[in-house]
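> sequence and predicted model, in that order:
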Amino acid sequence: MSDNLEISRRRLLGTVGAAGATGLALGAAGGAAGHAVLGDGDGGGPALATVGSARVPFRGAHQAGIVQPAQARGHLVAFDLAPGAGRKEAVALMRRWSAAAEPLMAGEPAGSADSGVAGDAGPCSLTITFGFGASFFDRTGLVARRPQQLEPLPVFSSDQLDPKRSGGDLWVQVGADDALVAFHALRTLQREAGAAARVRWQMNGFNRSPGATAHPRTARNLMGQIDGTGNPKPTDPGFDGHVFVAPGGAQPWMTGGSYAVVRRIRMLLDDWEKLRLKDQEAVIGRRKSDGAPLTGGTETTEPDLDKLGPDDRPVIPADAHARISAPEQNGGATMLRRPFSYHDGIGPDGTPDAGLLFVCWQADPRKGFVPVQRKLDRGDALSPFIRHESSALFAVPGGPADGEYVGQRLLEA
Ligand SMILES: C=CC1=C(C)c2cc3[nH]c(cc4nc(cc5[nH]c(cc1n2)c(C)c5CCC(=O)O)C(CCC(=O)O)=C4C)c(C)c3C=C
Ligand SMILES: [Fe+2]
């Protein structure tokens, strides 16, 4: 491998939160965390370089849709078990969902009744991830197996949460680099839910499409910022410990699993876009153009939090979002952010309902999201420009072994 290729590979590895990474990055990052992306030479399919052929395995130590780069299209859907449905119905549902998810992620029809919507497409990096909310354990009589990590998130002073779009017994995250493939997976799973579960809320998101930019740079959000730079990398020594539940915990069925915090965060774009570029950059503490810290360098340069400007004030302001949320400022609290942007239309007053479907992954939300959000809630310069509108927390079990369905170790232990 030439030096240049080596450098670009390392940079690509740093873009785990970005859509649009190449097959090289997908394979390398996935491999580090127990996943591989299949393509070229895999059964004589199309070339690895095409978006359609990238495939993420359904089985493995961890579920898919956590360490892979966030896809161009995402659907987040919470279901509630139907009245009267309990553990038996939940077992049957997870069996059906797993039986459908495995072929779909391989780019194959989900049984003979497949609608054919994704018929001409490859897997397109489709991932389907399943999680359980705290209420699932009450509904199924499994309270003794509810992890302490699922204790309700604290109420934050800036929360403006809609209960109808929060919580849920079950959660499905669908991501794909093609909108038809993503829709097809979502619709198939919704049909498979049958009478056992009903949709509680659904959120649809997007990211940059693979190949849209030649820059191997982290993706931008709808405020225009490069978002995801500080994410832990699968190649970091402590990555697995921060993101995945280690063996030997109080709930063995969660080994290899992770906890997903989901927040629908509206961006108050009319107010944000009125700010001058300099002020927007001060809110985050990074340059808008290339994501570099205000103390200089490139996107991957460490911010110098102690550096003072000519006015003797910190170059990265005390209330800058990236300063306040950094692990070093929060006793090491670390999470893997894997968001989708959303746009749900423009209100009668011309205000866009747009923002971030913030999804973050950690081995324990009490040591990841919670302390960081507590701090942001107290004095983040970004707060006047965002609004947390819904919230949910899910236990996402490890990936299924051969012959298993997702959640079997919880439901049948
Ligand atoms: C509680 C966790 C966080 C919420 C909620 C959150 C919302 C949020 N963030 C941005 C934009 C950016 N965030 C950035 C960094 C960053 N944010 C969090 C946590 C939350 N953000 C962390 C842990 C970090 C990394 C800090 C670090 O390691 O230094 C950045 C800077 C670039 C980057 O590192 O990603 C941006 C930009 C928005 C717009 C938003 C809500 C809508
Ligand atoms: Fe952030």
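Received it, and whenever you're ready, just let me know what you need. Numbering: from 1, shown residues only. Ligands and ions are numbered 1, 2, ... in the order given.

> what number of residues lie near the residue in the stretch 101-250 of the chain that ligand 1 sits nearest to?
Residue nearest to ligand 1 within the stretch 101-250 of the chain (C-beta to the nearest ligand atom): Gly230, separated by 2.3 Å. All C-beta atoms are positioned from the backbone trio N, CA, C, and that covers glycine. Residues contacting Gly230 under the criterion other C-beta atoms under 10 Å number 17.

> helix, strand or coil for Asn204?
Three-state call for Asn204 (DSSP: H, G, I helix; E, B strand; the rest coil): strand.

> and the residue nearest to it when sequence neighbours are not counted, what's its pLDDT?
Spatial nearest neighbour of Asn204, chain neighbours left out: His75 (5.5 Å); criterion: C-beta to C-beta, 6 or more residues apart in numbering. In this model, His75 is scored at 99, pLDDT.

> in the helix or strand where His75 lies, which residues are buried?
Element membership for His75 (DSSP states H and E) is strand 73-81. Residues Arg73, Gly74, His75, Leu76, Val77, Ala78, Phe79, Asp80, Leu81 are the ones in strand 73-81 that count as buried (16 or more other C-beta atoms under 10 Å).

> ditto for stretch 402-413
So stretch 402-413, judged by 16+ other C-beta under 10 Å, has buried residues Tyr405, Val406, Gly407, Gln408, Arg409, Leu410, Leu411.

> hang on, isn't the second one packed against His62?
Think Val406. No: with contact defined as C-beta atoms under 8 Å, Val406 does not reach His62; the gap is 11.3 Å.

> between the two, which contacts overlap?
Gly399 (C-beta atoms under 8 Å, 6 or more residues apart in numbering).

> for the residue nearest to Asn221 when sequence neighbours are not counted, give me its contacts.
Spatial nearest neighbour of Asn221, excluding adjacent residues (C-beta to C-beta, 6+ apart): Asp227 at 4.3 Å. By C-beta under 8 Å, 6+ apart, the residues touching Asp227 are Gly17, Thr218, Ala219, Arg220, Asn221, Arg337, Pro339, Leu356.

> which pLDDT value goes with the fifth one?
Each residue has a pLDDT score; the one for Asn221 is 98.

> the helices in the stretch 151-300 of the chain, which residues?
Using DSSP state H, counting those that start in this stretch, the helices of the stretch 151-300 of the chain run over 179-193, 239-243, 269-272, 277-284.

> out of those helices, which is closest to Glu328?
Closest to Glu328 of the helices of the stretch 151-300 of the chain, according to C-beta to C-beta: helix 239-243, at 13.9 Å.

> in this protein, which helix is the longest?
helix 87-105 (DSSP state H).

> helices or strands up against the helix or strand just after that one?
Once helix 87-105 ends, the next helix or strand along the chain (criterion: DSSP H and E) is strand 127-132. With contacts defined as 3 or more C-beta pairs under 8 Å, 6 or more residues apart in numbering; DSSP states H and E, strand 127-132 has these neighbours: helix 87-105, strand 170-176, strand 386-396.

> buried sites along stretch 184-196?
His184, Ala185, Leu186, Thr188, Leu189, Gln190, Glu192, Ala193, Ala196.

> kindly report the same for stretch 101-121.
Counting neighbours by 16+ other C-beta under 10 Å, stretch 101-121 gives Ala101, Glu102, Pro103, Leu104, Met105, Ala106, Gly107, Pro109, Ala110, Asp114, Ala118, Ala121 as buried.

> same check, this time on stretch 288-305
Lys288, Gly291, Ala292, Pro293, Leu294, Thr295, Glu299, Pro303, Leu305.

> how far is it from where the chain is centred?
Computed by C-alpha atoms, centre = their mean, to the nearest Å, the separation of stretch 288-305 from the middle of its chain amounts to 24 Å.

> give me the mean pLDDT for it.
Mean predicted lDDT for stretch 288-305 stands at 97.

> any idea what the residue nearest to Phe394 when sequence neighbours are not counted is bridged to?
The shortest distance from Phe394 to any non-neighbouring residue, by C-beta to C-beta, 6+ apart, is to Gly131 (3.1 Å). Counting by DSSP bridges, Gly131 forms beta bridges with Trp171.

> which residues does Gly131 contact?
Leu170, Trp171, Val172, Gln173, Ala260, Phe394, Ala395, Val396, Pro397.

> gap between it and Leu393?
9 Å (C-beta to C-beta, to the nearest Å).

> common neighbours of the two, please.
Ala260.

> which parts of the stretch 201-350 of the chain sit against ligand 1?
221, 223, 225, 227-230, 263, 265, 267, 284, 286, 321-322, 325-327 (C-beta under 6 Å from any ligand atom).

> against which helices or strands is the longest helix of the chain packed?
Counting by 3+ C-beta pairs under 8 Å, 6+ apart, helix 87-105 packs on strand 127-132, helix 179-193, helix 408-411.

> which strands and helices sit next to the longest one?
So the one you mean is helix 179-193. Helix 179-193 packs on strand 73-81, helix 87-105, strand 170-176, going by 3+ C-beta pairs under 8 Å, 6+ apart.

> contacts for it?
71-75, 77, 79, 93, 96-97, 100-101, 104, 110, 114-115, 117-118, 121, 123-124, 126, 128, 172, 174-176, 199.

> repeat for the last one
Outside helix 408-411, the residues that touch it by C-beta under 8 Å, 6+ apart are 87, 90-91, 94, 132, 140, 142, 145, 252-254, 397-398, 400.

> same thing but at 10 Å, please
For helix 408-411, the surrounding residues in contact (C-beta atoms under 10 Å, 6 or more residues apart in numbering) are 87-88, 90-95, 98, 132, 136-137, 140, 142, 145-147, 251-257, 395, 397-398, 400-401, 405.
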